[in-house]
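In: need a 3D model of the following:
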Amino acid sequence: MKRSVISSLGYYGPEWDKKVQDKDNPNFWKYGVANLFFLDIVKNKKRVLDVGCGTGGSTLFLAEHASLEHIVGIDPVKTMIEVAKQHAYQRSLNHKTDFVICDGRYLPFKRSYFDALVSRGDAFVFLIPQKVAVLEFRRVLKTSAVLVLEVDNVLWKPGKIVFFGFEKLVDGSAAYCVEHFDSKRNHFKVFYVLNPKSKFTRAISRDHEFRQTGKMKRRFPLNKIRRELIEVKRGVVTHWPTIEEMKRLFVKRGFGKVEIFGDGLLMELLLEGNSKITEAMKNQPELFFEIERKLIPFIDPAKARTIIFKANAL
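Out: Okay, here's the model as predicted:
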């Protein structure tokens, strides 16, 4: 039986691009609000870096609406960067944008180049060890430059299994997935990849929920699963710092004037599934983005689904 690591599960550019533009996807709502918040902060900055840019959502939004001279989006996934470049060309924004395939812990830019750094979509939690990433952020930022990160606020109790069930992988295979959130606030999944001819595979392939979403929450004893699997894969590890841990992490490495905000109200409304509210949201998304942006100063970050972390380079 093979054992391996899945490094980019679910992060294929064209597929991801469709997801984040889908109004039924929670990311559509939190990203729309984050873009407006970023714009408020960096609208008068000249050079901006977007870490974990994906298919260019925030990069291109800021290029279009801010008075910046140059914005660079970076992402480690080649297909993400390819889609981002296509969008930049289609929207005639390629003259003030660049997209680079690279790791946020090892930035190929000179010291004190950028006036601002933004990052949305939990990109920061993948950059382990995070102290290395923070030092790189500080290196490429000018003194007094601003940094803004948007990250989900994980409220799981450490040391728990947070999900178990079947999941469809990028290559189309089916796996039984066990998702862990350990005592150190590290998050990872273990995928028990099933034999395509196994009884489990045949059963879930007929399930309506699995065919529609690619997931089905069911608990089975691992000894039964192991009889019908062909490979064990471990998902990439992410680390989800607490609010206080993030403060310490950045302050110790050359940042100050830390502010932390809560958001994620629209994402929460969508997940709650009230049809009248979600229908109104989908009919006027820009209006709802603006409403949540104005509410951000009043939201308790400790209880919010998402937090926005803001600091200045000292």
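In: go ahead and flag the most central residue of the protein.
Out: Note on the chain: the residue nearest the mean C-alpha position is G121, at 2.6 Å, using CA atoms, centre = their mean.
In: isn't it up against G54?
Out: Yes. With contact defined as CB atoms under 8 Å, G121 reaches G54; the gap is 6.3 Å. To be clear about C-beta, it is placed using only N, CA and C from the backbone, and glycine gets the same treatment.
In: stretch 265-274: which residues count as buried?
Out: L265, L266, M267, L269, L270 (16 or more other CB atoms under 10 Å).
In: specify which member of those residues is nearest to D22.
Out: D22 lies nearest to L270 out of those, by CB to CB, at 10.9 Å.
In: returning to what we had before: pull the most distant pair out of the buried residues of stretch 265-274.
Out: L265 and L270 (9.9 Å).
In: show me where this protein has strands.
Out: According to DSSP state E, the chain carries its strands in the segments 2-6, 47-51, 70-75, 97-101, 114-119, 141-152, 160-168, 174-181, 186-194, 215-216, 229-235, 238-239, 255-263, 306-313.
In: what about N35, distance to A63?
Out: Distance of N35 to A63, computed by CB to CB, to the nearest Å: 11 Å.
In: domains of this protein?
Out: Using automatic domain parsing, the domain parsing of the chain gives 13-154+240-313, 156-238.
In: need the ones you listed in a markdown table with mean pLDDT, can you?
Out: Output for the domains of the chain, formatted as a markdown table (pLDDT from 0 to 100):
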| stretch | mean pLDDT |
| --- | --- |
| domain 13-154+240-313 | 95 |
| domain 156-238 | 86 |
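In: pick the most deeply packed of these.
Out: domain 13-154+240-313 (a mean of 18; mean count of other CB atoms under 10 Å).
In: and stretch 300-314, end to end?
Out: End-to-end distance for stretch 300-314, by CA to CA, to the nearest Å: 27 Å.
In: still on that earlier bit, so who does the residue nearest to the centre of the chain touch?
Out: Each residue near G121 by CB atoms under 8 Å, 6 or more residues apart in numbering is listed here: N27, Y31, G52, G54, E150.
In: export those residues to TSV and tack on distance to A313?
Out: Below are the contacts of G121 laid out as TSV (distance: CB to CB, whole Å):
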residue	distance to A313
N27	28
Y31	25
G52	19
G54	24
E150	18
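In: in helices only, show me those.
Out: N27, Y31 (DSSP state H).
In: which of the contacts of G121 lies closest to P158?
Out: Nearest member of the contacts of G121 to P158, counting by CB to CB, is E150, at 22.3 Å.
In: what pairs with the closest one across the strands?
Out: I308 (DSSP bridges).
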